[in-house]
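Student: model this:
(one chain, ligands or ions: 2)
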Amino acid sequence: MLTRVLAGTLLIAGTLYVAFAAVAADQSVRTQAQALFKPLPTAMTSDDNPITPEKVALGRLLFFETRVSIDGTVSCSRCHEPSLYATDALPKPIGAEHRVNPRNSPTVLNAALQISAHWRGDRKNVEDQATKALTGLVSFGNPNFAVAMARLKAIPGYVPLFAKAFPGQADPITPDNWGKAIGAYERTLVTPAPFDAYLKGDDGALSQDAEAGLREFMQLGCTACHNGAGVGGGMYQKFGVVEQYWKATGSKEIDKGRFDVTKNPADTYVFKVPSLRNVAMTPPYFHDGSVATLSEAVRIMARVQLGKTLNDEQVTHIVAFLDSLTGKLPDGFVDVPVLPTAAFAGTPRQPAIGAGAPQSPTAAPPGSGQRK
Ligand code: HEC
Ligand code: HEC
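Tutor: Ligands and ions are numbered 1, 2, ... in the order given. The predicted structure is shown next:
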């Protein structure tokens, strides 16, 4: 009898101990995580471009607008499709007149959190990015802003919307205001995820695998580069710290990264550390979309950035952690809006069938990669 009671007590004590140990471990991982990451803000505000409902509503329409592009077919949403978590799933997107972009489309979700826009950081912020896309040869393809604005003004329904979003301006339809309206919309695109709930103290938010992956992610040193609210997006780093990246990714072209922007030799193969928010939803991976799956991307990162070979279990755990960064899409994000009516004001250049393709990617002038 006594032995049975004792055994029972030991069993209960044992269970309690195990449960307590699990909670204690949770807390140390969480404390460490709270020091390295931050929950997402509710909106990504900017003093230069305050978010107003009028700008956001207009920006959301403009995001889907194809008629400002040189051939009337390209909108932001073509390469940042809401149904694909604001990417296009292609290694490299296809812009105006079928020109291939030199780099992969990142998502616009949470993008305004980052220090800059684009893989090489060659756009200051989301507003600058949206404005310059108008004349990017491989995006909207307009020869200059005047052509883009003429196309926009040819759609009468936008006149009152710009007037409301930019009150008191005599001629509010400008490239700058196009950037501000779209930028204000983008600044609302925040996707809180299970990981945010975990950081705020919700014990049930992460699966055991995800929590094990978080621990790995911190222990391996991924957090030296991927940290903060974006789990990345805060600094520039060399891709290929211990080994040339293209040997691991199989990249056919070697992109020199920020060197081509700054001409500083120290910036060779340096890229912006991307935010890993929603990364499970945005294949393919890396600046050139050279890697199709997240597990492969994780293995490559450990190998070329940290000189470590991961085992299958480590990869499974880290991928489970990265899954916990998949957030809830903003309300209505995937609903396509009805745009103001008007026919496209330009004349798309059409190749004659069988006559070769004057718009083929090779027809793009040298150096076109610099323009988007
Ligand atoms: C033809 C495809 C295409 C179109 C059209 C396009 N983008 Fe992009 N977008 C890209 C690519 C590719 C990049 C990365 C370019 C680079 O790094 O060189 C990018 C980068 C961005 C980024 C930076 C994301 C980051 O993590 O750095 C934002 C924000 C963005 N685009 C928003 C927009 C908006 C807004 C529009 C419409 C005004 C637009 N894009 C039109 C393909 C496109
Ligand atoms: C020394 C800095 C550094 C470290 C350490 C690092 N990364 Fe990265 N990570 C980067 C950079 C820079 C890129 C962008 C590479 C490129 O140009 O495509 C990147 C890209 C990624 C991507 C692809 C994102 C996308 O949208 O295509 C994933 C996934 C990733 N890292 C995960 C990890 C994991 C997991 C670890 C730890 C095993 C890690 N990283 C360690 C700097 C780092």
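
Student: residue numbers of the stretch 1-150 of the chain in contact with ligand 1?
Tutor: Applying C-beta under 6 Å from any ligand atom, one finds that the stretch 1-150 of the chain approaches ligand 1 through 74, 76, 78-80, 93, 95, 101, 103, 105-106, 108, 111, 114, 117-120, 126, 129-130, 133, 139. To be clear about C-beta, it is placed using only N, CA and C from the backbone, and glycine gets the same treatment.

Student: among those residues, which lie within strands?
Tutor: If you go by DSSP state E, those have nothing in strands.

Student: all helices of the stretch 51-200 of the chain, in order?
Tutor: Along the stretch 51-200 of the chain, counting by DSSP state H, counting those that start in this stretch, helices occupy 53-63, 76-79, 126-133, 145-153, 158-165, 175-186, 194-199.

Student: angle of the fourth one against helix 53-63?
Tutor: The directions of helix 145-153 and helix 53-63 differ by 100 degrees, with axes from the mean of the first three to the mean of the last three C-alpha atoms, to 10 degrees as the criterion.

Student: and helix 145-153, what does it pack onto?
Tutor: Helices and strands touching helix 145-153, by 3 or more C-beta pairs under 8 Å, 6 or more residues apart in numbering; DSSP states H and E, are helix 175-186.

Student: for the helix it packs on, the distance to its chain's centre please.
Tutor: How far helix 175-186 lies from its chain's middle: 17 Å, per C-alpha atoms, centre = their mean, to the nearest Å.

Student: could you measure from residue 149 over to ligand 2?
Tutor: 33 Å (C-beta to the nearest ligand atom, to the nearest Å).

Student: that should have said residue 111, apologies.
Tutor: Relative to ligand 2, and taking C-beta to the nearest ligand atom, residue 111 is found at 11 Å.

Student: with residue 96 instead?
Tutor: Relative to ligand 2, and taking C-beta to the nearest ligand atom, residue 96 is found at 24 Å.

Student: count of residues packed around that residue?
Tutor: Neighbours of residue 96 under the rule other C-beta atoms under 10 Å: 24.

Student: how about residue 254?
Tutor: Residue 254, neighbours per other C-beta under 10 Å, totals 11.

Student: check residue 75 too.
Tutor: For residue 75, the neighbour count with other C-beta under 10 Å is 20.

Student: backbone torsions only: list them for it.
Tutor: Backbone torsions of residue 75, given as degrees, to the nearest 10, read phi -120, psi 170.

Student: go on, residue 228?
Tutor: Dihedral angles for residue 228 - degrees, to the nearest 10 - are phi 80, psi -170.

Student: residues contacting it?
Tutor: With contact set as C-beta atoms under 8 Å, 6 or more residues apart in numbering, residue 228 has these partners: 36-38, 113, 234.

Student: 10 Å - rerun?
Tutor: The contact partners of residue 228, taken as C-beta atoms under 10 Å, 6 or more residues apart in numbering, are 36-38, 113-115, 234-235, 273, 275.

Student: so which of the residues you listed are in helices?
Tutor: In helices, judged by DSSP state H, the following of these are found: residue 36.

Student: still on that earlier bit, could the helices of the stretch 51-200 of the chain go into a markdown table alongside mean neighbour count and mean pLDDT?
Tutor: Shown next, in a markdown table, are the helices of the stretch 51-200 of the chain (neighbours: other C-beta atoms under 10 Å; pLDDT from 0 to 100):
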| stretch | mean neighbour count | mean pLDDT |
| --- | --- | --- |
| helix 53-63 | 20 | 98 |
| helix 76-79 | 21 | 98 |
| helix 126-133 | 24 | 98 |
| helix 145-153 | 18 | 97 |
| helix 158-165 | 18 | 98 |
| helix 175-186 | 25 | 98 |
| helix 194-199 | 21 | 98 |
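
Student: dump the ones you listed to a markdown table, plus distance to residue 279.
Tutor: Listed next are those as a markdown table, based on distance: least, C-beta to C-beta, whole Å:
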| stretch | distance to residue 279 |
| --- | --- |
| helix 53-63 | 22 |
| helix 76-79 | 17 |
| helix 126-133 | 19 |
| helix 145-153 | 32 |
| helix 158-165 | 33 |
| helix 175-186 | 18 |
| helix 194-199 | 12 |
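
Student: roughly how far does the most centrally placed residue in the chain sit from residue 268?
Tutor: Residue closest to the average C-alpha location in the chain (C-alpha atoms, centre = their mean): residue 107, at 3.1 Å. Per C-beta to C-beta, to the nearest Å, residue 107 is found 27 Å from residue 268.

Student: again with residue 62
Tutor: For residue 62, the distance to residue 268 (C-beta to C-beta) stands at 36 Å.

Student: can you check residue 137 too?
Tutor: Taken as C-beta to C-beta, the span from residue 137 to residue 268 is 24 Å.

Student: neighbour count winner among these two?
Tutor: Legend: neighbour count by other C-beta under 10 Å for residue 137 and residue 268, higher for residue 137 (22 against 14).

Student: am I right that that one is in contact with residue 99?
Tutor: Yes - Residue 137 is within contact range of residue 99, at 6.5 Å (criterion: C-beta atoms under 10 Å).

Student: residue 295 belongs to a helix?
Tutor: Yes - in this structure, residue 295 lies within a helix as judged by DSSP: H, G, I helix; E, B strand; the rest coil.

Student: give the contact list for the closest residue to residue 286 other than its chain neighbours.
Tutor: Spatial nearest neighbour of residue 286, excluding adjacent residues (C-beta to C-beta, 6 or more residues apart in numbering): residue 249 at 5.9 Å. By C-beta under 10 Å, 6+ apart, the residues touching residue 249 are 239-240, 285-291, 296-297, 300, 304.

Student: go again with 6 Å.
Tutor: 286, 290-291 (C-beta atoms under 6 Å, 6 or more residues apart in numbering).

Student: ok, now how distant is residue 223 from residue 28?
Tutor: 15 Å.

Student: now do residue 259
Tutor: According to C-beta to C-beta, residue 259 and residue 28 sit 41 Å apart.
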